[in-house]
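Novice: Requesting a structural model of the entry that follows:
(one chain, ligands or ions: 1)
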Amino acid sequence: MIFDNFNFPLRYEEPIFRPPSEGNSILLQLTIGCSHNLCTYCEMYRTKVYRVRSQSEIEKDLFRIKKYYEKNSGSVFSKEQPRKIFLCDGDALGAPDSVLDFCLERIKFYLPWIARVGTYATATNILEKSEEVLKRLKVNGLEIVYLGLETGSDNLLKKVVKDVGAQDMLNASLRIKNTGIKLSTIIMIGLGGVDFLEEHALATAELISKTKPEFLSFLVTRPISGSPYYKMMEKGLIKQVSEFQCFDQMELIIKNINLPHENKIIFRANHVSNFLPIGGILGKEKSSILEVIQTAKRNATQSPLSLNFNGPM
Ligand code: SF4
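Specialist: Presented below is the predicted three-dimensional model:
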């Protein structure tokens, strides 16, 4: 299917996903699918067979993007010209070093006006790369990595069949921080249901306090029909949380994140799965963020969230 935004010339292998903050970025598929593809709650790439795209496929896409913007330069589009590229699909950092090196070098060659390259990564992807390689990727343009940490609870990571435990999440986060690449950590509110409310919150707050990512985002777990996670909920093996409990868990996480005075984390809960957009800077705005969450909690319903969430994920 052709991505029909102003006749944008790339043919994507759909479905395709990106973080909310990459909404205005050019999307470039470096890999197809997810190299793990087993997390019980995730159906994003279940229909895809994982593969790394060839250098010639990547080069053709970049050439088409260059031609597209050249054709439109001087028109209204030039002002809107994105300055960011996001590498898809689910864990593009898992591509071999040579493919990543090639891609970043070709982005510079064809699209020298690009100021920032971002990608999703798993902890496994990160730990498979040496610090030296990651530093080279940073020098060549990789500016931000989005890590689906989901929770700091080791038990819960195992339960949802993440491919790593909490210690690996910690090590991977610190490795990214050491390279100077910005780290954006994603947490899944409500993951594991009622039984994990407190454990998930406290372990997550501890991990965030230790890793101090530049960005932190919350999304609310919305089970996808047919997923193993959804089936466990249908059988009553995972008890669905309420809106109230989600805000309660958010409050517990934020309250328990301890940062040295000089540290700041840009916090967002603006993914479509959230009940209302919340944002701010942790530490200096921690108390105002907590006030917003506490107000939302007072107005929240106590009945379990519907299993039929229709929003895009
Ligand atoms: S690693 Fe990420 S993209 Fe892959 S299955 Fe798990 S949640 Fe989905």
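Novice: Now Gln29, what are its backbone angles?
Specialist: With angles defined as degrees, to the nearest 10, Gln29 sits at phi -80, psi 110.
Novice: wait, what's in contact with the residue lying closest to Arg64 once chain neighbours are set aside?
Specialist: Leaving out its chain neighbours, the residue that sits closest to Arg64 by CB to CB, 6 or more residues apart in numbering is Pro9, at 4.2 Å. Yep, even glycine has a C-beta here, placed from its N, CA and C like the rest. By CB atoms under 8 Å, 6 or more residues apart in numbering, the contact set of Pro9 is 64-65, 67-68.
Novice: looking at this structure, which helix or strand is least sure?
Specialist: The helix or strand of the chain with the poorest confidence is helix 76-80; it has a mean of 51 (mean pLDDT, DSSP states H and E).
Novice: Quick one: name whatever helix or strand follows that one.
Specialist: strand 84-88 (DSSP states H and E).
Novice: From the contact count, pick out the helices and strands touching that next one.
Specialist: strand 26-29, strand 116-121 (3 or more CB pairs under 8 Å, 6 or more residues apart in numbering; DSSP states H and E).
Novice: How is the protein partitioned into domains?
Specialist: Domain segmentation of the chain under automatic domain parsing yields 1-121, 147-303.
Novice: The longest one and the ligand, any residue contact?
Specialist: Going back to what we said before, that points to domain 147-303. Yes - using CB under 6 Å from any ligand atom, domain 147-303 reaches the ligand at Gly148.
Novice: Helices along the protein, start to end?
Specialist: In the chain, the helices defined using DSSP state H lie at 55-72, 76-80, 97-110, 123-127, 131-139, 154-159, 166-179, 197-211, 228-234, 243-256, 286-298.
Novice: Mean pLDDT lowest where, among those helices?
Specialist: Least confident of the helices of the chain, judged by mean pLDDT, is helix 76-80 with a mean of 51.
Novice: give me phi/psi at Lys239?
Specialist: Here Lys239 shows phi and psi, under degrees, to the nearest 10, equal to phi -90, psi 120.
Novice: so it makes contact with Phe196?
Specialist: No - Lys239 is not in contact with Phe196 according to CB atoms under 8 Å; the separation is 9.6 Å.
Novice: Give me the more crowded residue out of those two.
Specialist: Phe196 (22 against 14; other CB atoms under 10 Å).
Novice: Now do the same contact list for that one.
Specialist: 151, 153, 155-156, 159.
Novice: Only the buried subset of those residues, as a ChimeraX command please.
Specialist: Buried residues among these (16 or more other CB atoms under 10 Å), as a ChimeraX selection:
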select :151,153,156,159
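Novice: Of the contacts of Phe196, just say which sits nearest to Ser25.
Specialist: Here the nearest of those to Ser25, counting by CB to CB, is Thr151; it sits at 26.9 Å.
Novice: Please report the distance of the nearest residue to Lys84 once chain neighbours are set aside from the ligand.
Specialist: For Lys84, ignoring the flanking residues on the chain, the nearest one in space by CB to CB, 6+ apart is Ser25 at 4.0 Å. Using CB to the nearest ligand atom, to the nearest Å, we find Ser25 at a distance of 18 Å from the ligand.
Novice: pLDDT score for Ser25?
Specialist: 95.
Novice: That one contacts Cys88, doesn't it?
Specialist: No - Ser25 is beyond contact range of Cys88, at 10.1 Å (criterion: CB under 8 Å).
Novice: Now the common contact residues for the two.
Specialist: Listed as contacting both Ser25 and Cys88 by CB under 8 Å, 6+ apart are Arg18.
Novice: For the residue nearest to Arg64, what are phi and psi?
Specialist: phi -90, psi 0.
Novice: Including distance to Asn140, could the domains of the chain go into CSV?
Specialist: Formatted as CSV, the domains of the chain follow (distance: least, CB to CB, whole Å):
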stretch, distance to Asn140
domain 1-121, 4
domain 147-303, 11
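Novice: on that earlier part again, most packed of the helices and strands packed on strand 84-88?
Specialist: When the helices and strands packed on strand 84-88 are scored by mean count of other CB atoms under 10 Å, the highest mean neighbour count falls to strand 116-121 (a mean of 25).
Novice: That strand pairs with which strands, and in what direction?
Specialist: strand 84-88 (parallel), strand 142-150 (parallel) (DSSP bridges).
Novice: Sounds good, over and out.
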